[in-house]
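S.K.: Quick check, what structure comes out for this input:
(one chain, ligands or ions: 1)
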Amino acid sequence: MSGPADRLNRVWINPRAGYERSVRRMMARPREAARLRTPRAGLIMREHTDDRWFKTEQRATLGRSLAERLARTAGILSRATGAGSGTNVPGRILERLSPQYVADRAATLQDGVVVVSGTNGKTTTASMIRDILGRQGYTVVSNQSGGNLGAGIASALLAAPSSASIGVFEVDEAALPHMIPMLRPKVLVLTNVFRDQLDRFGEPERVVELLREAESLLPPGARVVANVDDSAMWEAVADADPIGFGVVLPANNFRPSPKAGPGPTSQATAASEPETCPACAGQLTVLRRAVANLGSFECDRCGWDSAWPDYRAVVRASGGLSGTIFELRGILVTLPVGGIHNVYDAAAAVAAADVLGIPPVRSIAALEYFEPRFGRAEVLEVDGRPVWLALIKNPAGAGMVIEEVASDPTIRVAVISVSDRPADGRDISWIWDTDFEWLVARGIALIPSGRRAADVAVRLKYAGAASMPALADPVAAVRAAQACDPGGAMVAVLATYTAMLDVRSALARGRVARVVDHPVAFTEPAQ
Ligand SMILES: [Zn+2]
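M.R.: Prediction:
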């Protein structure tokens, strides 16, 4: 690469030191501060020509400032011309013009950085941590609306207010080893490793290796918060002395999945990964299973067993799609979102906040006001009736959502919307490993939708579902679902990432949807 970006990079000698010195000078000399804040290309301050360092740092500041301006302008242009949402464009430009930008800007966050990674639950866990920190008065910078690769993080840092003192970033597993040295997090939260987007990542073992590599790159003093119930992932980072979290369900809360056979799911369901000992690769015995490959295990061959979690969430009652009550550190928590996966995310968030010095009792108080974000169990209202939206992208994650839907007796119909754009994963073969049978067994009518509605229809036919027309158009599918259940109950929409985008934008365009608060009615689990 040559040109202005290259020149800027070459003069960028120790940018962090340069930045700090510039700030100190700004504080000390107001007139120079004004010049530094409004640098012009080619400007050389003559009164300082004998000061070699000052010239260097002047150019370094100019370089970063120029890159920031170019990136901001490009973002505005991108939005104005409709070329894109503009969310990641500034970040992409910064990555080219100023590769040190993320490292440099992240280092100015005096309360540090939290990084969240893993297959499922990144967005929700990061949202929860952000909410907890926000309620303690921190100004948090996070990539909530952008991508979870380098460009999304650079964009978030560019847009952050100068008052931001702490960063919470969800980072794609594949990008993690690259991003850790730049972000130098105080806390690395690892949610789980499921089979996800096989065309991108290959097998879960490869992802576990990525996480292990990322852990080895952490700065001294950083702490790892990891899911104890994910035995392979936990063992991969065990050297880092991780802080563990896990979830315990009431004894009889397991669903008798038609695929897994009757009774508690003590054996692997279709959505589970094969359980092999992380130490000797022998067969593990299941002591307790929460969901998919998560649970407590022991190895008869070598004696390996699951660690005891420092943050152990014990589920006490389920409110279907609307909430869960669980106990954590002796405190009863009412989480206003349903599903076991959200309990995992909450336990992870409380553990991460504790590392940052926020006591669990305060984190829990914040979580009781938690509002789900995009595609994570939102409730919209369509034609005056509630529509519950949840993201699905792999068998394990979809299994958790299905469990949530099946546990809510008011749900009579669901839309299954699957698309195959790159953000969804081109390979949709995972729908064949997903336990739609459980919804069929519960008598829930299923409407195929999305770009691959026809494939979904075939899958649902094999699951034994009553035949329904495949409706690629999301609004048509939601309306058909409502027509199926004229009683006026909530309709569930399970959608892949871009299918979810289509649902939301179509509903918003037609002005038929609004986000509503949904009342929570808790039921005790069957004992
Ligand atoms: Zn073993």
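
S.K.: I'd say D420 and R452 touch.
M.R.: Yes: the criterion here is Cβ atoms under 8 Å, and D420 meets it with R452 at 5.4 Å. Using the backbone N, CA and C atoms, a C-beta is placed for each residue, glycine as well.

S.K.: secondary structure element for L133?
M.R.: Using DSSP states H and E, L133 sits in helix 122-135.

S.K.: Does anything pack onto that helix? Which helices or strands?
M.R.: For helix 122-135, the packing partners by 3 or more Cβ pairs under 8 Å, 6 or more residues apart in numbering; DSSP states H and E come out as strand 113-117, strand 140-142, strand 166-170, helix 340-355, helix 360-367, strand 376-382.

S.K.: between the ones you listed, which one is nearest to the ion?
M.R.: Proximity to the ion (Cβ to the ion) singles out helix 340-355 among the helices and strands packed on helix 122-135, at 24.5 Å.

S.K.: For the closest one, the averaged confidence score.
M.R.: For helix 340-355, mean pLDDT rounds to 96.

S.K.: and W388, how many neighbours does it have?
M.R.: Neighbour count of W388, defined by other Cβ atoms under 10 Å: 24.

S.K.: Quick one, grab the pLDDT at it.
M.R.: Predicted confidence (pLDDT) at W388: the value is 87.

S.K.: Check the one 5 residues further on too.
M.R.: In the predicted model, K393 carries a pLDDT score of 83.

S.K.: quick check, it in a helix?
M.R.: No: counting by DSSP: H, G, I helix; E, B strand; the rest coil, K393 is not found in a helix; it is coil.

S.K.: Apart from its neighbours in sequence, what residue is nearest it?
M.R.: Among residues not flanking K393 along the chain, T496 sits closest, at 5.8 Å (Cβ to Cβ, 6 or more residues apart in numbering).

S.K.: Which among the helices and strands packed on helix 122-135 is found nearest to E68?
M.R.: Distances from E68 to each of the helices and strands packed on helix 122-135 were compared by Cβ to Cβ, and the smallest falls on strand 140-142, at 14.5 Å.

S.K.: and the residue in the stretch 401-527 of the chain that the ion sits nearest to, how many neighbours?
M.R.: For the stretch 401-527 of the chain, the nearest residue to the ion under the criterion Cβ to the ion is D433, separated by 26.0 Å. Number of residues near D433 (other Cβ under 10 Å) recorded here: 17.

S.K.: I'd guessed it sits against A396; true?
M.R.: No: D433 sits out of contact with A396 when judged by Cβ under 8 Å, with a separation of 9.1 Å.

S.K.: got any residues that touch both of D420 and R452?
M.R.: Each of I428 lies in contact with both D420 and R452 under the rule Cβ atoms under 8 Å, 6 or more residues apart in numbering.

S.K.: and these two? which has more neighbours close in?
M.R.: Neighbour totals were compared for D420 and R452, and R452 leads with 22 against 17 (other Cβ under 10 Å).

S.K.: my guess is that one meets G425, correct?
M.R.: No: the pair R452 / G425 is not scored as a contact, 11.2 Å apart, by Cβ under 8 Å.

S.K.: Could you show which parts of the stretch 301-450 of the chain are in contact with the ion?
M.R.: R301, C302, W304 (Cβ under 5 Å from the ion).

S.K.: tell me the mean pLDDT for the helix holding L133?
M.R.: The model assigns helix 122-135 a mean pLDDT of 93.

S.K.: For A292, see how far away the residue of the stretch 401-527 of the chain closest to the ion is.
M.R.: Distance, D433 to A292, by Cβ to Cβ, to the nearest Å: 11 Å.

S.K.: Repeat that for L190.
M.R.: Distance, L190 to A292, by Cβ to Cβ: 16 Å.

S.K.: again, but for A232
M.R.: Taking Cβ to Cβ, one finds A232 at 12 Å from A292.

S.K.: So for these two, which sits in the more crowded spot?
M.R.: Counted by other Cβ under 10 Å, A232 and A292 do not tie: A292 has more neighbours, with 30 against 19.

S.K.: That one touches V401, doesn't it?
M.R.: No: using Cβ under 8 Å, A292 is not in contact with V401, being 11.5 Å away.

S.K.: Can you say which helix or strand has the closest residue to the ion within the stretch 351-500 of the chain in it?
M.R.: In the stretch 351-500 of the chain, the residue that lies nearest the ion is A396 (22.8 Å; Cβ to the ion). Applying DSSP H and E as the criterion places A396 in helix 395-406.

S.K.: That helix vs helix 340-355, what angle?
M.R.: Computed by axes from the mean of the first three to the mean of the last three Cα atoms, to 10 degrees, the angle separating helix 395-406 from helix 340-355 equals 110 degrees.

S.K.: which residues of the stretch 301-450 of the chain score low on pLDDT?
M.R.: Within the stretch 301-450 of the chain, the ranges that satisfy pLDDT under 70 run 372-377.

S.K.: cutoff 90 now
M.R.: For the stretch 301-450 of the chain, residues meeting the criterion pLDDT under 90 lie at 316-325, 331-332, 334-341, 365, 368-401, 403-410, 421-427, 433.
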